[in-house]
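Enquirer: return atomic coordinates for the entry below.
(chains A and B)
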Number of protein chains: 2
Amino acid sequence: MDIWEKTIKNINIYSGKVVKLDIETVLLPNNKTADREIVRHPGAVAILPIDNLGYIYFVKQFRKAIDNELLEIPAGKIEHGEDPSQCALRELQEEIGYTSNKLTYITKIYTSPGFADEKIYIFKAEELVKSERIKDDDEFINICRFKPGEAFEMIKNGTITDAKTIVALLSTFKL
Amino acid sequence: MDIWEKTIKNINIYSGKVVKLDIETVLLPNNKTADREIVRHPGAVAILPIDNLGYIYFVKQFRKAIDNELLEIPAGKIEHGEDPSQCALRELQEEIGYTSNKLTYITKIYTSPGFADEKIYIFKAEELVKSERIKDDDEFINICRFKPGEAFEMIKNGTITDAKTIVALLSTFKL
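Expert: Alright, predicted model coming up:
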């Protein structure tokens, strides 16, 4: 590959609970150098839960980064060493209190490749079984459900603006 | 809104060319506090360029954050004070060397609301007119074009993994 950027220096600016920030100095194809600001994230999963009546489960929660509530499908960070499908079942239980007997991998996406390495594995969860909701003390989540047609309408009218949620809905039902 | 998180302290860790990193201490609905790591980004646009033959233009470029090449639609950061549609026309010219006589706003998305405030405005660009490609010296981009059916196939088989590109393609053609 002729446009590869080789790292010649890496400075870690910050290492937090969720993200790390690195400044990488890279060698460009024209032999000049450039600095790249890179946010490191452990990766995540997102789950499209569909019940036997065809309803899709969503969570509405406050997102400090955008200082607003956001309607999303259940999702969460991958813990160290965790398999994406295990993570999907864990998050499904934590966020909406269901397990799934039919978890199907849909696709994976890069959310912000210009500045972050976050990769999200997207799953469809069917054959849902009500379970105990083991939630974090500090998580405040409202659960709601919509039929696919309502969800498509909410994408069109700008009510659903979360990238992973749109990708999951349209990849699952429209491809 | 009962689940709002009020900021009680904000520490700026880093301010770079592309991103800033803040740690915000917030007050939760249960009166406990929590720290939120938040990446601030100026926002971006992404453009789905469609020519008179129905081909869609893509760019293939190296993305250091994921240490790999990525197939995306043209996109770029909003400059200070720039209108999203102006930015879309500028990026279209810089990245693929076209202007558009018919720019249509499609939607806006949040790419990583768990840790970043990045918002991307997505446009469709039609009635393309060949123009001079005013590109950055340090940008190395390959341009390619595909019909919608080919692009959908590349989403299905995992060749297209960029979130904004998938949202733009499926929102434009499948909703």
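
Enquirer: any idea how far residue B:129 is from the residue of chain A positioned farthest from its centre?
Expert: Most distant from the centre of chain A: residue A:31, at 36.0 Å, with distances by Cα atoms, centre = their mean. Here the criterion is Cβ to Cβ, to the nearest Å. By it, residue A:31 lies 35 Å from residue B:129. Every residue, glycine included, has its C-beta placed from N, CA and C.

Enquirer: now do the contacts for residue A:56.
Expert: The contact partners of residue A:56, taken as Cβ atoms under 8 Å, 6 or more residues apart in numbering or on different chains, are A:48, A:49, A:50, A:73, A:145, A:146, A:147, A:148, A:151, A:169.

Enquirer: tell me the pLDDT at it?
Expert: Predicted confidence (pLDDT) for residue A:56: 98.

Enquirer: could you do residue A:9 as well?
Expert: Note on residue A:9: pLDDT of 98.

Enquirer: helix or strand for the closest residue to it other than its chain neighbours, which one?
Expert: Nearest non-adjacent residue to residue A:9, counting by Cβ to Cβ, 6 or more residues apart in numbering or on different chains: residue A:25, 4.0 Å away. Assigned by DSSP states H and E, residue A:25 falls within strand A:20-27.

Enquirer: any chance you could list what contacts that strand?
Expert: Residues contacting strand A:20-27 (Cβ under 8 Å, 6+ apart): A:5-14, A:33-40, B:13-14, B:16, B:19, B:21, B:39, B:64.

Enquirer: before we move on, the earlier item: the residue nearest to residue A:9: how many residues sit nearby?
Expert: Neighbour count of residue A:25, defined by other Cβ atoms under 10 Å in any protein chain shown: 15.

Enquirer: the closest residue to residue A:132 other than its chain neighbours and residue A:49: what is the separation?
Expert: Nearest in space to residue A:132, with sequence neighbours left out and distances taken as Cβ to Cβ, 6+ apart, is residue A:97 at 6.6 Å. As judged by Cβ to Cβ, residue A:97 and residue A:49 stand 10 Å apart.

Enquirer: the two: who's more crowded?
Expert: Remark: of residue A:97 and residue A:49, residue A:49 carries more neighbours, 25 against 16, as counted by other Cβ under 10 Å.

Enquirer: A strand includes that one, no?
Expert: Yes: with DSSP: H, G, I helix; E, B strand; the rest coil as the criterion, residue A:49 is part of a strand.

Enquirer: run through the bridge partners of it.
Expert: Beta-bridge partners recorded for residue A:49 (DSSP bridges): residue A:125.

Enquirer: surely it touches residue A:92?
Expert: Yes: the criterion here is Cβ atoms under 8 Å, and residue A:49 meets it with residue A:92 at 6.2 Å.

Enquirer: tally of neighbours for residue A:17?
Expert: Neighbourhood size, residue A:17 [other Cβ under 10 Å]: 10.

Enquirer: contact partners for the residue lying closest to it once chain neighbours are set aside?
Expert: Of all residues not flanking residue A:17 in the chain, residue B:37 sits nearest, at 6.8 Å (Cβ to Cβ, 6+ apart). Residues near residue B:37 by Cβ under 8 Å, 6+ apart: A:16, A:17, A:18, A:19, B:21, B:22, B:23, B:115.

Enquirer: and the residues you listed, which are buried?
Expert: Among those, those buried by neighbour count (16 or more other Cβ atoms under 10 Å in any protein chain shown) are A:18, A:19, B:21, B:22, B:23, B:115.

Enquirer: from chain B, how far out is the second one?
Expert: Here residue A:19 is placed at a distance of 5 Å from chain B (Cβ to the nearest Cβ, to the nearest Å).

Enquirer: hmm, back to that, which residues are common contacts for residue A:97 and residue A:49?
Expert: With Cβ under 8 Å, 6+ apart, residue A:97 and residue A:49 have no common neighbours.
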